[in-house]
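Engineer: My questions concern the predicted model and sequence given below.
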Amino acid sequence: MTLQIVFIRHGIAEAGSSGQGDFERRLTKKGTQKLQDTLPFLLPLLHEDREILIWSSPLVRARETAAIAAEIFRVEEIEFYDFIGEGHFNEFWNAVGNLSPSVERTILVVGHEPTMSYWSQALCGVFLPFKKGAAASFVYRAGGPETAELQWFLQPEGMEMLSTKTNSSKILGDISDTLLRHLHQVVLERDNFLEEPANPETAHQLRVSIRKLRSLLFFLKPFQKDKQNASMQGNLKKLVTEFSYLRELDVLSEACNTFSKEHREAMAVDSAIFGVLREGRALEAQRVISTVSTADCVDSLYDIEVEMKKALWKKSIDENESVVMRINDRFADLFDTYKRSAAAVDYNNAAAAHALRIEAKKLRYVLLGLEPLMEGKFGIVGTELKEAHDKLGQFCDARRNKYILQNFDSKDLPEKAHLELRALIDYQNSIVNSRLDQLKR
């Protein structure tokens, strides 16, 4: 037989000087409310899938406490024993011994002080000082009563702290589910790409899905075990890096299409440059396919899922404040850092501008992923980050387009294509200069 025995002292009651006898003293309004607020947080601490019994002292304040517990723990019947009110431990232990040894149970014993303290000492050798509404749990398996093991002891204020931790645990569980959903989206987009590798949109959506997941992991790093976070980030970085040049070629192709439609006199729609781009993209797509379709890639995604399901959150995350507060504070700090970077960045420095673009993109993806936890505090920030992301994206893409096109000069192109190439480069340069003026304002 394995029993969980939980001692609960009655809640705050009327004072002995209230004119009533000790037996008739009732819970105060505050005592009732506090029990209703704190006892629910004991639910996760009770053994699941067990019959719960409630044994109570017959004194009114204990009966009322037992009734509140019965409602919270969904127990239909309360058993009242004089030996609890009178503090007779041997009679209590005889009642425990009369229970069927084939059924595992949890017994909630609602009583008084100093009875609860002395009975705790009889079970585990420790005299526990029960405040009104306090609770302690013991596990008993066999032998004498002194062989019981103390599981936990909580004063009412400790139960109130559990409220934050219980909510935090739920929120962390929700965050873990969010990470898994993003990972499953990565897997889906990978499959879509392998089915349609010639479609630029499939490569783009896969890359975006990876970046969204990496942004969330970056943001959550202080809350997770370092090695776990680094392992997941490492696997995802390898995968997204494989698509970098393919995406750049797709962005450049789109820019060339737009230019040829808007400036037909400068670039023909059948320009030889498009042939070079198609050939380069086909070769790059084939290289990417050969990498992301390997067993190693599949295994790395599986490893990430395993790590996510472990949910190794740091124990310190909710010791002093809720997870929501920590998340909001971290986002506010990162956004302040981004604003300082944006104010100080030298946009003529390509690497610095690109780094700022990544910062804006990360924060935007974090906001999209964890928006329910932000409590609406950063709504306008999302708009600002999107605008910055778009402007920096156009600026950085034009710069990169210009760089790639300059390398085309060495290719075997007809004279007309070289003229078109110069026009393309000049156009991309005009975009860079235009966006540079906007960003500096």
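Structural biologist: Thanks, I have the structure now. Given the structure is predicted, the values throughout are model-derived calculations rather than measurements.
Engineer: what's around the closest residue to residue 114 other than its chain neighbours, how many residues?
Structural biologist: Once flanking residues are discounted, residue 114 sits nearest to residue 87: 7.8 Å by CB to CB, 6 or more residues apart in numbering. From N, CA and C alone the C-beta is placed, and that goes for glycine too. Close neighbours of residue 87, defined as other CB atoms under 10 Å, add up to 17.
Engineer: Now do the same for residue 87: its pLDDT.
Structural biologist: Looking at residue 87, its pLDDT reads 94.
Engineer: for the helix or strand where residue 416 lies, packing partners?
Structural biologist: According to DSSP states H and E, residue 416 maps onto helix 415-440. For helix 415-440, the packing partners by 3 or more CB pairs under 8 Å, 6 or more residues apart in numbering; DSSP states H and E come out as helix 244-262, helix 272-292, helix 379-407.
Engineer: for the ones you listed, which one sits closest to residue 225?
Structural biologist: helix 272-292 (27.5 Å; CB to CB).
Engineer: average model confidence for stretch 29-41?
Structural biologist: 89.
Engineer: Oops, could you answer that again for stretch 5-18 instead?
Structural biologist: The average pLDDT within stretch 5-18 is 86.
Engineer: And for stretch 219-238?
Structural biologist: Averaged across stretch 219-238, pLDDT comes to 86.
Engineer: Give the buried residues for that stretch.
Structural biologist: Across stretch 219-238, burial judged by 16 or more other CB atoms under 10 Å covers 219, 220, 223, 224, 228, 229, 231, 232, 233, 235, 236.
Engineer: Present those residues as JSON lines; the columns should include secondary structure.
Structural biologist: Supplementary listing: these in JSON lines, determined by DSSP: H, G, I helix; E, B strand; the rest coil:
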{"residue": "219", "secondary structure": "helix"}
{"residue": "220", "secondary structure": "helix"}
{"residue": "223", "secondary structure": "helix"}
{"residue": "224", "secondary structure": "strand"}
{"residue": "228", "secondary structure": "helix"}
{"residue": "229", "secondary structure": "helix"}
{"residue": "231", "secondary structure": "helix"}
{"residue": "232", "secondary structure": "helix"}
{"residue": "233", "secondary structure": "helix"}
{"residue": "235", "secondary structure": "helix"}
{"residue": "236", "secondary structure": "helix"}
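Engineer: hmm, which two among those are most spread apart?
Structural biologist: Farthest pair in the buried residues of stretch 219-238, by CB to CB: 223 and 235, 19.4 Å.
Engineer: you'd agree residue 413 is up against residue 273?
Structural biologist: Yes: contact criterion CB atoms under 8 Å: residue 413 and residue 273 qualify, at 7.3 Å.
Engineer: which neighbours do the two share?
Structural biologist: Residues touching both residue 413 and residue 273 (CB atoms under 8 Å, 6 or more residues apart in numbering) are residue 421.
Engineer: more crowded one of the two?
Structural biologist: Comparing residue 413 with residue 273 by other CB under 10 Å, the one with more neighbours is residue 273, at 25 against 18.
Engineer: Now for that one: which residues touch it?
Structural biologist: 256, 267, 408, 413, 417, 420, 421, 424.
Engineer: Likewise for residue 347?
Structural biologist: 353, 395, 436, 439, 440.
Engineer: any idea how far it is from residue 435?
Structural biologist: Remark: distance between residue 347 and residue 435 (CB to CB, to the nearest Å) = 9 Å.
Engineer: what do the two both touch?
Structural biologist: Residues touching both residue 347 and residue 435 (CB under 8 Å, 6+ apart) are residue 395.
Engineer: And stretch 181-189, what's buried?
Structural biologist: Buried positions in stretch 181-189, judged by neighbour count with 16+ other CB under 10 Å: 182, 183, 185, 186, 187, 189.
Engineer: any idea how far the last one lies from residue 144?
Structural biologist: Distance check for residue 189 against residue 144: by CB to CB, it reads 62 Å.
Engineer: Please apply the same query to residue 49.
Structural biologist: Residue 49 is 27 Å from residue 144, by CB to CB.
Engineer: Looking at the two now, which is surrounded by more residues?
Structural biologist: The neighbour count for residue 49 versus residue 144, taken as other CB under 10 Å, is higher for residue 144 (10 against 5).
Engineer: Quick one: buried ones out of the contacts of residue 347?
Structural biologist: Going by neighbour count (16+ other CB under 10 Å), the contacts of residue 347 have 353, 395, 439 buried.
Engineer: Now do the strands in the stretch 51-200 of the chain.
Structural biologist: For the stretch 51-200 of the chain, the strands defined by DSSP state E, counting those that start in this stretch cover 51-56, 78-80, 105-111, 135-140, 149-154.
Engineer: Between those, which one is closest to residue 214.
Structural biologist: With distances scored as CB to CB, the stretch of those nearest to residue 214 is strand 149-154 (38.8 Å).
Engineer: I would like the residues contacting that closest one, please.
Structural biologist: Contacts of strand 149-154 (CB under 8 Å, 6+ apart): 4, 42, 45, 120, 123-124, 126, 128, 134-140, 162.
Engineer: Try it again at 6 Å.
Structural biologist: With contacts defined as CB atoms under 6 Å, 6 or more residues apart in numbering, strand 149-154 is touched by 124, 128, 135, 136, 137, 138, 139.
Engineer: in its sheet, what does that strand sit against?
Structural biologist: Strand pairing for strand 149-154, using DSSP bridges, gives strand 135-140 (antiparallel).
Engineer: how far does the strand it pairs with sit from the chain's center?
Structural biologist: Chain-centre distance of strand 135-140: 32 Å, with CA atoms, centre = their mean, to the nearest Å.
Engineer: Go through the contacts of residue 347 and name the one nearest residue 8.
Structural biologist: Taking CB to CB as the measure, residue 8 lies nearest residue 353 of the contacts of residue 347, at 62.7 Å.
Engineer: any idea how far residue 124 is from that closest one?
Structural biologist: Separation of residue 353 from residue 124 (CB to CB) stands at 65 Å.
Engineer: what do you get for residue 253?
Structural biologist: For residue 253, the distance to residue 124 (CB to CB) stands at 73 Å.
Engineer: Have a look at the two and say which one is more surrounded.
Structural biologist: Neighbours per residue (other CB under 10 Å) separate residue 253 from residue 124, with residue 124 holding more: 21 against 18.
Engineer: residues near the closest residue in space to residue 127 that isn't next to it in sequence, how many?
Structural biologist: In this structure, residue 127 finds its nearest non-sequential neighbour in residue 121, 4.5 Å apart by CB to CB, 6+ apart. Residues lying near residue 121 (other CB under 10 Å) number 15.
Engineer: Quick one: mean pLDDT over the helix holding residue 416.
Structural biologist: 90.
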